[in-house]
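A.B. asks: predicted model and sequence follow; I will ask about them next.
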Amino acid sequence: MTTSTRLTRRGLMVASGAALATAFIAKGARAATTLRYGHMHTPNSIAGAQAQWFADAVTEKTGGELVIQIFPNSQLGKLQELAEAVSTGTIAFSHNTAGAIGSLYAPFAAFDTPYLYRDVDHLMKVMATDSPVMQELNEGLIGASGTRALYAFYFGTRQLTANQEVKKPADLSGVKIRSIPFPIYMATVEGLGAVPVPVDWSEVPTALATGVVAGQENPLNVLVTANLADVQSHLMLTGHISAAQVVMMNDDVWNGLSDAHKTAVAAAAEETRARASAEMLASEEKDLATLREKGMTVIGETEGLDAAGFRDSVKARISKEFDSQYGDLYGKISAVA
């Protein structure tokens with residue numbers, strides 16, 4: 001029995017290290033295709049767990065004909081490297097921020113604009129693969145990079161942490177805060193009043209512990225599962241970005257699947273999207289309580305946080321740089337009911 005290697009448009013789908021690897025289950029049995037999924041999160045986080053949920057669902061729905069192998073904790077690369085690996089076909093899947101995916105197709109970063117969505121329900125309607133905005137940007141992403149957005153799940157709302165009390169943007173003057181190393185996040189941290197320092201997620205705990213940066217911003221579940229309360233004393237409920245993580249898939253791998261396997265993968269994607277989003281929503285109150293129990297001082301509006309001041313400052317900074325690029329998209333996102 002023989003097999004053939006399917007080449008991607010970049011010629012990188014080789015058997016030795018590619019996303020698509022074929023192994024025979026037994027003599028005469030149908031081959032099981034193994035696909036690699038790399039991501040940055042810990043397996044115990046909801047973002048990390050959902051990758052395994054998706055893998056398990058795909059295996060179950062294909063009767064073991066598709067097997068997805070998970071590589072967590074940035075084993076296969078940092079944020080930018082993971083996005084590029086899906087594009088080249090080195091791996092089949094990854095999940096990433098919309099802003100990072102914007103490095104492959106710039107308009108995609110608009111999805112992670114701060115203070116953009118009315119609520120989580122609005123966010124998830126916009127990020128659904130059948131929404132008009134996502135369909136438009138997904139077509140652009142496929143054409144520009146050979147990757148597609150397979151599904152998006154609620155990742156949480158990003159909050160600020162630091163080793164000092166912060167109640168207004170002026171309190172962060174001169175303070176170095178870690179930023180995801182992509183333009184829209186750098187501008188957001190500037191809008192919060194701080195000096196943005198680009199640091200990949202894999203290096204954040206060390207950067208905080210050694211004082212390279214004095215703070216960072218992330219959803220609550222990330223703070224809990226990465227034990228950031230061990231190196232940060234204060235949590236400010238700025239709520240500046242409500243975001244989804246986007247599960248990317250190499251488009252050549254997708255097109256190489258049989259119709260039955262495409263149906264199974266799509267069904268697993270929708271199932272995982274719903275489960276992960278529900279889990280993240282349910283975890284937020286519990287995670288906040290956990291951070292309090294770990295000794296973090298939580299500052300919200302009742303404790304004097306100037307939420308409106310942060311919103312106005314961030315929106316002004318974002319508008320200055322991004323309205324000319326994404327203004328039309330912002331209008332389309334606002335129109336999603």
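C.D. replies: Good, I have the coordinates. Numbering: from 1, shown residues only.

A.B. asks: only C-alpha atoms for contact and neighbour calcs from this point on.
C.D. replies: Fine.

A.B. asks: show me where the stretch 151-300 of the chain has helices.
C.D. replies: For the stretch 151-300 of the chain, helices defined by DSSP state H, counting those that start in this stretch occupy the ranges 183-191, 204-209, 220-225, 251-256, 259-293.

A.B. asks: just for the stretch 1-150 of the chain, where's the confidence low?
C.D. replies: 1-30 (pLDDT under 70).

A.B. asks: hmm, try it at 80
C.D. replies: Scanning the stretch 1-150 of the chain with the threshold set as pLDDT under 80 gives 1-31.

A.B. asks: the helices in it, which residues?
C.D. replies: Counting by DSSP H, counting those that start in this stretch, the helices of the stretch 1-150 of the chain are 46-61, 79-88, 98-101, 120-127, 132-145.

A.B. asks: a markdown table for those, including distance to residue 181 and mean neighbour count?
C.D. replies: Compiled in a markdown table, these are given as follows (distance: least, CA to CA, whole Å; neighbours: other CA atoms under 10 Å):
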| stretch | distance to residue 181 | mean neighbour count |
| --- | --- | --- |
| helix 46-61 | 19 | 21 |
| helix 79-88 | 9 | 23 |
| helix 98-101 | 8 | 25 |
| helix 120-127 | 22 | 19 |
| helix 132-145 | 20 | 18 |
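
A.B. asks: nearest to residue 209, out of those helices?
C.D. replies: With CA to CA as the measure, helix 79-88 is the member of those nearest residue 209 (20.9 Å).

A.B. asks: and the closest one, what does it pack against?
C.D. replies: When contacts are defined as 3 or more CA pairs under 8 Å, 6 or more residues apart in numbering; DSSP states H and E, helix 79-88 packs onto strand 93-97, helix 98-101, strand 234-250.

A.B. asks: and residue 108, how far from residue 219?
C.D. replies: Separation of residue 108 from residue 219 (CA to CA, to the nearest Å): 20 Å.

A.B. asks: now residue 276
C.D. replies: Noted for residue 276: a distance of 14 Å to residue 219, by CA to CA.
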